[in-house]
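[1] sequence first, predicted model second:
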Amino acid sequence: MLVTVVQLTLYGIVLGSIIALGAIGVSMVYAILGFSHFAHGDMMTVAAYFGFVGVVSLHLPLPLALIFSMILTAALAVGIDRVIYSRLRNATPIIMLISTIGVSFMLQSLAQIVWGPSNEVYQSGIVLPYKFLGLRLQPVEVTIIVGTILLVFLLHFFLHNTKIGKAMRAMSDNRSLSQISGINTELVIIWTWVITGVLAAAAGVFLGADTQLNPRMGFNVLLAVFAAAILGGIGNFYGSILGGLVIGVVEEVSTMFINPGYKPAIGFVIMVIMLIVRPYGILGGKR
């Protein structure tokens with residue numbers, strides 16, 4: 001029983017790491033730009049397919065395929081902002097909501113047109129897991145955990161030790177005051193989308209490597225991503241990490257008691273409860 005719980009917890013940390021990376025991106029856009037980016041899941045999908053091209057077509061190892069995907073996804077995120085979102089900076093929230101849903105459908109359709117509706121995998125065949133104390137983890141799962149820790153550390157360093165990172169934190173706290181203080185808000189916005197694209201690429205590639213690729217893969221985890229962001233406190237980057245890990249672990253451990261097919265509903269239940277009990281999240285997000 002104990003071994004089973006610990007094993008499911010490890011699986012939950014893997015899933016939570018993926019969700020956390022997505023949630024950080026969602027929180028960053030909300031904190032700095034002030035809207036909920038419902039196309040984030042489909043950006044993860046396209047990023048996963050970029051990684052698929054790197055692994056299968058260019059024969060790159062997964063770490064290099066991840067970097068390849070990060071570059072393309074960051075460019076895609078900035079491009080979408082320049083073409084669509086930049087023209088709607090002063091639009092009402094409902095207009096921004098509709099636009100992000102439209103971008104979501106566009107990206108999902110793009111993935112289906114270019115790569116087809118069938119499931120794809122990064123690597124076929126049997127891969128032996130690492131075993132210790134009766135527990136098992138696949139090599140790719142270890143890569144996901146280590147990669148997430150590294151990315152979170154780099155993000156923390158960037159936000160606290162670089163000029164643009166400090167400007168992003170200032171703009172997150174008060175955009176109007178940041179403009180008055182002489183901060184180049186457009187440059188901050190571009191960097192926000194670069195980092196969002198990088199994190200979406202990591203989440204998408206890790207999700208694709210851990211499961212399978214299909215055009216709806218990112219959309220299917222979008223609810224868990226938003227649940228994690230809300231649980232930790234939307235707009236709070238570190239809360240998103242906590243929220244992602246909690247959602248991931250609870251979803252996996254819940255399979256001991258419920259049909260695994262109902263696992264995604266756990267994130268929705270947690271999100272609703274948190275909105276009722278503590279709408280600003282565990283660590284407190286933007287109000």
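    In hand now; what should we look at? Quick caveat, the model's predicted, so the values are computed rather than measured. Numbering: from 1, shown residues only.
[2] now the worst-scoring helix or strand of the chain on mean pLDDT - C-alpha only, PDB.
    Lowest on mean pLDDT, DSSP states H and E among the helices and strands of the chain sits helix 175-180, with a mean of 74. Presented in PDB, the C-alpha positions along helix 175-180 are these (Å, rounded to 0.1, in the frame of the first residue of the first chain):
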ATOM      1  CA  ARG A 175       1.600  48.500 -15.000                       C
ATOM      2  CA  SER A 176       0.700  52.200 -14.900                       C
ATOM      3  CA  LEU A 177       3.400  53.100 -12.400                       C
ATOM      4  CA  SER A 178       5.900  51.100 -14.500                       C
ATOM      5  CA  GLN A 179       5.100  53.300 -17.500                       C
ATOM      6  CA  ILE A 180       5.500  56.400 -15.500                       C
END
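[3] list of residues touching it?
    Helix 175-180 is contacted by residues 32, 34, 167, 170-171, 185, 188 when judged by C-beta atoms under 8 Å, 6 or more residues apart in numbering. All C-beta spots, glycine's among them, are computed from the backbone N, C-alpha and C.
[4] quick check, nearest of those to residue 120?
    Taking C-beta to C-beta as the measure, residue 120 lies nearest residue 32 of these, at 33.5 Å.
[5] look at residue 117 and tell me its secondary structure.
    Secondary structure, DSSP: H, G, I helix; E, B strand; the rest coil: residue 117 is coil.
[6] still on that earlier bit, farthest-separated two in the contacts of helix 175-180?
    The largest separation in the contacts of helix 175-180, counting by C-beta to C-beta, is between 34 and 167 at 16.2 Å.
[7] and those two? Which one has more around it.
    With neighbours defined as other C-beta atoms under 10 Å, residue 34 and residue 167 compare such that residue 167 has more, 21 against 14.
[8] surely that one is in a helix?
    Yes - counting by three-state DSSP, residue 167 is part of a helix.
[9] who's in contact with it?
    Taking C-beta under 8 Å, 6+ apart as the test, what residue 167 contacts is 178, 183-184, 187-188.
[10] show the buried residues in those.
    The neighbour-count test (16 or more other C-beta atoms under 10 Å) marks 178, 183, 188 as buried among the contacts of residue 167.
[11] can you put the residues you listed in a markdown table and add distance to residue 136?
    Formatted as a markdown table, those follow (distance: C-beta to C-beta, whole Å):
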| residue | distance to residue 136 |
| --- | --- |
| 178 | 48 |
| 183 | 49 |
| 188 | 44 |
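[12] out of these, which one sits closest to residue 7?
    The closest of the buried ones among the contacts of residue 167, once distances to residue 7 are taken by C-beta to C-beta, is residue 188, at 42.7 Å.
[13] does the closest one count as helix, strand or coil?
    Relying on three-state DSSP, one would call residue 188 helix.
[14] quick one: it from residue 90, how far?
    Remark: distance between residue 188 and residue 90 (C-beta to C-beta, to the nearest Å) = 17 Å.
[15] do the same with residue 195
    23 Å.
[16] of these two, who's got more company?
    Using other C-beta under 10 Å, the more surrounded residue of residue 195 and residue 90 is residue 195, with 25 against 6.
[17] nearest residue to that one other than its sequence neighbours?
    The shortest distance from residue 195 to any non-neighbouring residue, by C-beta to C-beta, 6 or more residues apart in numbering, is to residue 28 (6.5 Å).
[18] ok, and for the helix or strand that contains the one you found, which residues are buried?
    Here residue 28 sits within helix 2-33, counting by DSSP states H and E. For helix 2-33, the neighbour count (16+ other C-beta under 10 Å) marks 7-33 as buried.
[19] skipping adjacent residues, who's closest to residue 65 in space?
    Nearest non-adjacent residue to residue 65 (C-beta to C-beta, 6+ apart): residue 54, at 3.1 Å.
[20] all helices of the chain, in order?
    2-33, 40-52, 62-83, 93-115, 139-161, 163-173, 175-180, 185-210, 217-232, 237-253, 263-277 (DSSP state H).
[21] weakest of those helices by average pLDDT?
    Looking over the helices of the chain, mean pLDDT reaches its minimum on helix 175-180, with a mean of 74.
[22] and that one, how far out from the chain middle?
    Centroid separation for helix 175-180 versus its chain: 28 Å, with C-alpha atoms, centre = their mean, to the nearest Å.
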